[in-house]
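S.K.: sequence below, structure please.
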Amino acid sequence: MNKRFLIFLFLVSLSVFSQNDSISSTVFSLTPRSNKDMRVNGIAIGLGISMGNENSLSQINGLNIEINPLSIFILMFDDPSRRGFSESSTATINGISLSSGHSNQNEDIVYNGLQLSLFSASHSCNGISLNGFYNYATNMNGIHGSFLLNYSKKSNGLFVSFSNYSEINNGLQIGVFNKTENFYGVQLGVINKTKKQKGLQIGLWNINSKRSMPFLNW
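M.R.: From the prediction side, this is the model:
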């Protein structure tokens, strides 16, 4: 029985190794690219790894730089909240990501590490992010600051913005307007609103399913 189990583990390990080894690696890449499946262990620079449907970069480990001259127009006319949340991811960035704007083309990307951007849309944002305007992600974990809005389906950690919204939030929201559907933690703001709450609301006006109160609610 033990021998069969060990043989099974060996075969599974060999299969996983073969699959990982089938993806080529490089230390530098321009983005986007679509000609070959590739993993970058180093630096990727360009318009963005997911600017088209034929993206071939599955992972970046290191530094990702995105400079898109259309970022200002995307910021003016694109509203990612109208499309709903992305349910799956196709690429991962581990390390530091610097961008003039992570647009809706990035909604299937997972960011792990430090993210600095004018605005951001992604599947997941894990670590620390600072955004000039907004951060929109299905999942947010860590410390996230945006000038106008943090918007997520599920979030854990510290969120600082003019407005914070999450369907499910665990942690601390600090903003002028804080809103959740299910909240576990502390909301600190001028107006705090949630349907289901375990924690504290501290602000000028606080609303939950039990009561509406000034200054302090639970």
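
S.K.: and the spatially most central residue of the chain, what helix or strand is that in?
M.R.: By Cα atoms, centre = their mean, the chain has its centre lying nearest to Cys125, at 2.4 Å. Using DSSP states H and E, the element containing Cys125 is strand 120-131.

S.K.: now the element after that strand, going C-ward?
M.R.: strand 134-146.

S.K.: now the helices: where do they sit in the chain?
M.R.: Listed in chain order, the helices of the chain (DSSP state H) span 2-21, 71-77.

S.K.: comparing those by mean pLDDT, which bottoms out?
M.R.: The weakest mean pLDDT among the helices of the chain belongs to helix 2-21, with a mean of 46.

S.K.: contacts for the strand holding Cys125?
M.R.: Residues outside strand 120-131 that contact it (Cβ atoms under 8 Å, 6 or more residues apart in numbering) are 80, 86, 88-89, 99, 101-104, 106-119, 134-147. (Each C-beta comes from the backbone N, C-alpha and C, glycine too.)

S.K.: now do 6 Å
M.R.: 80, 86, 89, 102, 104, 106-117, 119, 135-146 (Cβ atoms under 6 Å, 6 or more residues apart in numbering).

S.K.: cool, and stretch 146-161?
M.R.: By Cβ under 6 Å, 6+ apart, stretch 146-161 touches 81, 85, 131-145, 162-175.

S.K.: same question for it, mean pLDDT?
M.R.: Stretch 146-161 comes out at a mean pLDDT of 97.

S.K.: what residues go with each domain of this protein?
M.R.: 22-154, 162-218 (automatic domain parsing).

S.K.: how far off centre is stretch 147-160?
M.R.: Chain-centre distance of stretch 147-160: 10 Å, with Cα atoms, centre = their mean, to the nearest Å.

S.K.: now the longest strand belonging to the chain, how far from the centre of its chain.
M.R.: Ranked by residue count and defined by DSSP state E, the top strand of the chain is strand 163-207. Chain-centre distance of strand 163-207: 20 Å, with Cα atoms, centre = their mean.
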